[in-house]
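S.K.: Kindly generate the corresponding structure for this input.
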Amino acid sequence: MFRKADIRRATVGVRKKCFRTLLAGLAEAAFIELVPMKQSRTLRERELRRLFDERRRIDDLIKRISAVLKAMTAERRAASGFSETGRGESVDDRNLDRDEAFVALHQMKSDRYIRLSGRIAEEIEEIERIVEIKRLSADQGIDIDRLNEAKMLAIILGVIEDEETPLPETAGGSAIIRRNGQTVVAVAPAPGREEILAALTGRGFREEKSPLLKIPLARLRVRRVRLETRLKLLGGYHEAACNALPAELHSIRRFYEGKAAVIDGEMFSFSSEQLSFFEGWLDYRNIDRLRRLIAKSCGKDFVLSVGPSGDPEAPVILRNNRFIRPFEIMVRNLGCPGNNEIDPTPFAAAAFIFMFGLMFGDVGQGLTLTVLGILLPRLTHGDEKRLAFMKNFGAILRYAGLSAIFFGFVFGSVFGNEEALKPWWIRPTEEIDTLLLSVVMMGVFFNATGIVINVINRMMSGDLREALAGSRGLPGLWLYGGGFFLIGRCLSKGAVPSVVEIVICLMIPLAAFSLRILIKRRPGASGDHGEAFGLEYVMETGAEILETVASFLGNTLSFIRMGAFALGHAGLGFAVYTLAHMAGQDLVSPGALIVIVTGNVFIILLEGLLCSIQAMRLEFYEFFGKFFQGDGRPLKPFSVK
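M.R.: Numbering: from 1, shown residues only. The predicted structure is shown next:
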């Protein structure tokens, strides 16, 4: 706890013939972050062009495989990597040209099946529509097949979507027009066809011009049966391919996903005719694991060199136990802790749990949040990233609920009812002064803790000036503690501070801060531009003192919001039970129960969200603002994914 993993830089040299096998193993193990190595510019450019071309072909092949699997409705994502192929293939076992041809062939077959089956299905649908039109016409006494044989008659078929639209009148009954639902059939002498068609078109008529109308009904039915048989046969071939091919395609895709990772690794390496070298960051606890992996892939012929601990360029792995680990997501919202600062996750966990519980103190509502925190991860479905987030969120919700239960006993509140329990300490609505004074003292504690952590961080980074003479260093801590000591003594006893007390509590830390020019700045620190004692320095120091005092005072008083939200939470509970008494004289009456349940659900949702936001705000701005730099970066392991 408070410490991060010991990340060190490792340099490895192996024979070139086993280098790809080693990279494949590293990609599977996923515990080292590769670092680019320098190489001859000409050699590097030539090698990179080859690797980029091979990687582009592999990416294209993977996309085509995914397209074929999607067409076969067999897109089941399997674990990536060489070891999952089931055949013990090494990184160079497969032939890219042959696999590209294999996938291209089956992609062509898949595309052809989709096009052909689509055309057959469309034709079957059209036949069914024409058969239905002929059946509806027969119901009106019009045999379209017989009329097609008459050369002197014209048949007009189509639809009028609005069934209320009246049909046109024909002069002298020269045409027969019948309707069955939306289907309209007109039979007229061939010379009068255009006149009838124009009259129908004016009423929203849409003519059916399918060539299938000329085919007799019996032949249409035979044709439909043949097409259905052909479609079923095609479906059988496709189903057989879907049962046999996806396993092979998944195997190919897994192999090339792993090989793509190996190529990425090669881009970071340096190679000669016989040897290959690479560098990477890893947790020192994995150094024996790396040595075993190299020996397994390359035997005893390798070189492994490990750099010293504490490299400022090293990435970061936070190391927290399973109870604190969920709160790492809160820290990462601000950034990744650097190598020269302690991991603030334990402080973040303790501060959030405490602040939320104080503002949301209620036994019943806290128990509800705890149960939700237990159920949410178990009811969540989705990808690994979503499941991991819900697992962490559920843990934070459980801890927040348990804290609310504790403070519920402290304040004597159960589902907003402050008469159900005797408080262990006070009722917020009855002793407001005590509550507000307490949260101010909590603010003093959190701010002082933040300054202490900043001093430790500055000492770790070698910035003695900020640690020993900075406004958020030892003088700031002395000034902050001394100032509130004098204020507290004055308010409690009414005694005016003596000159000695003022000198000890205020003047000494101010003098130490003013003389910070005597301590040399750390090289590279902000503001390292050759200060000199003079009027500009005095004015700058005075302004910084005023800013520091105002900041300390504002940061402390900001914690009053904890007391305000605790009062607001109690006030909402009182309002709910007041409405419940108005809805029914007895709290167990249906009307009162509805008000109590609805009110508590509203409080849990609204106050739970607001208290979470306020707890994070106090933590991020008032607490973390004293010490957190967040200039680190997390370790990104080289892996197949």
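
S.K.: In contact with the closest residue to Ser589 other than its chain neighbours, which residues?
M.R.: Counting by Cβ to Cβ, 6 or more residues apart in numbering, Ser589 lies nearest to Ala583, which is 7.4 Å off, once chain neighbours are set aside. In short, each C-beta sits where N, CA and C put it, glycine included. By Cβ atoms under 8 Å, 6 or more residues apart in numbering, the contact list for Ala583 reads Ser589, Gly591, Ala592, Ile594, Val595.

S.K.: most neighbours, which of the residues you listed?
M.R.: Counting neighbours by other Cβ atoms under 10 Å, Val595 comes out on top of the contacts of Ala583 with 21 neighbours.

S.K.: got a list of contacts for stretch 100-108?
M.R.: Arg57, Leu61, Arg64, Ile65, Ala67, Val68, Ala241, Leu245, Leu249, Ile252.

S.K.: Flag the shaky bits of the stretch 351-500 of the chain, pLDDT-wise.
M.R.: Along the stretch 351-500 of the chain, the model assigns pLDDT under 70 to no residue.

S.K.: mind redoing it with 90?
M.R.: Within the stretch 351-500 of the chain, the ranges that satisfy pLDDT under 90 run 377-389, 418-420, 429, 460-472, 484-500.

S.K.: what about the helices in it?
M.R.: 363-379, 384-411, 432-460, 464-469, 474-493, 499-502 (DSSP state H, counting those that start in this stretch).

S.K.: quick check: longest helix of the protein.
M.R.: Criterion DSSP state H: the longest helix present in the chain is helix 217-267.

S.K.: buried set for the lowest-mean-pLDDT helix or strand in the chain?
M.R.: Lowest mean confidence among the helices and strands of the chain (mean pLDDT, DSSP states H and E): helix 144-148, at a mean of 74. Neighbour counts using 16 or more other Cβ atoms under 10 Å place Ile144, Asp145 of helix 144-148 among the buried residues.

S.K.: Just the ones in helices from the contacts of Ala583, please.
M.R.: Under the assignment DSSP H, those contribute Gly591, Ala592, Ile594, Val595 to helices.

S.K.: What's the local residue count around the nearest residue to Ser403 once chain neighbours are set aside?
M.R.: Nearest non-adjacent residue to Ser403, counting by Cβ to Cβ, 6+ apart: Gly357, 2.8 Å away. Using other Cβ under 10 Å, Gly357 is surrounded by 25 other residues.

S.K.: Next: the one 10 residues further on.
M.R.: The number of residues packed around Leu367, counting by other Cβ under 10 Å, is 17.

S.K.: Please apply the same query to Arg203.
M.R.: Neighbours of Arg203 under the rule other Cβ under 10 Å: 13.

S.K.: which SS class is it?
M.R.: Following DSSP: H, G, I helix; E, B strand; the rest coil, Arg203 is assigned to coil.

S.K.: Contact partners for it?
M.R.: Arg203 neighbours (Cβ under 8 Å, 6+ apart): Ile160, Thr165, Pro166, Leu167, Pro168.

S.K.: among those residues, who's most crowded?
M.R.: Ile160 (20 neighbours).

S.K.: nearest residue to Phe485 other than its sequence neighbours?
M.R.: In this structure, Phe485 finds its nearest non-sequential neighbour in Cys505, 6.1 Å apart by Cβ to Cβ, 6+ apart.

S.K.: and that neighbour, how far is that from Asn447?
M.R.: Using Cβ to Cβ, to the nearest Å, one gets 16 Å for the distance from Cys505 to Asn447.

S.K.: Just want to know which of the two has more residues nearby.
M.R.: The residue with more neighbours, out of Cys505 and Asn447, is Asn447; 26 against 19, by other Cβ under 10 Å.

S.K.: and that one, what is it in contact with?
M.R.: If you count contacts by Cβ under 8 Å, 6+ apart, Asn447 has them with Tyr480, Phe552, Asn555, Thr556, Glu622, Phe623, Lys626.

S.K.: from these, which ones fall inside helices?
M.R.: Cross-referencing the contacts of Asn447 against helices under DSSP H gives Tyr480, Phe552, Asn555, Thr556.

S.K.: out of these, what pair is the most spread apart?
M.R.: The most widely separated members of those are Tyr480 and Asn555, with 9.5 Å between them, by Cβ to Cβ.

S.K.: for the closest residue in space to Gly473 that isn't next to it in sequence, what are its contacts?
M.R.: Sequence neighbours aside, Ala467 is the residue nearest to Gly473 in space, at 4.9 Å (criterion: Cβ to Cβ, 6+ apart). With contact set as Cβ under 8 Å, 6+ apart, Ala467 has these partners: Asn454, Val455, Arg458, Met459, Gly473, Leu474.

S.K.: Show me which of the residues you listed are buried.
M.R.: The buried subset of the contacts of Ala467 (16+ other Cβ under 10 Å) comprises Asn454, Val455, Arg458, Gly473, Leu474.

S.K.: Report the separation between the fourth one and Ile451.
M.R.: Think Gly473. Distance, Gly473 to Ile451, using Cβ to Cβ: 8 Å.

S.K.: In what element of secondary structure is Val185 found?
M.R.: Using DSSP states H and E, Val185 sits within strand 183-189.

S.K.: what about that strand, average pLDDT?
M.R.: Averaged across strand 183-189, the pLDDT comes to 80.

S.K.: roughly how far is it from the heart of the chain?
M.R.: Offset of strand 183-189 from its chain centre (Cα atoms, centre = their mean, to the nearest Å): 63 Å.

S.K.: about what we covered before: closest to Ile487 out of the ones in helices among the contacts of Asn447?
M.R.: Among the ones in helices among the contacts of Asn447, Thr556 lies closest to Ile487 (Cβ to Cβ), at 10.1 Å.

S.K.: Could you report the neighbour count for that closest one?
M.R.: By other Cβ under 10 Å, 23 other residues sit near Thr556.

S.K.: If we ignore the residues flanking it in sequence, what's nearest it?
M.R.: In space, Thr556 is closest to Gly443, 4.5 Å off (Cβ to Cβ, 6+ apart).

S.K.: What residues does the one you found make contact with?
M.R.: Contacts of Gly443 (Cβ under 8 Å, 6+ apart): Asn555, Thr556, Leu557, Ser558, Phe559, Ile560, Glu622.

S.K.: next one: Ile176
M.R.: Taking Cβ under 8 Å, 6+ apart, we find Ile176 in contact with Ile142, Ala186, Val187, Ala188.

S.K.: List the beta-bridge partners for the second one.
M.R.: If I follow you right, that is Ala186. Ile156, Ile177 (DSSP bridges).

S.K.: Run a quick neighbour tally on it.
M.R.: A count of neighbours around Ala186, defined by other Cβ under 10 Å, yields 26.
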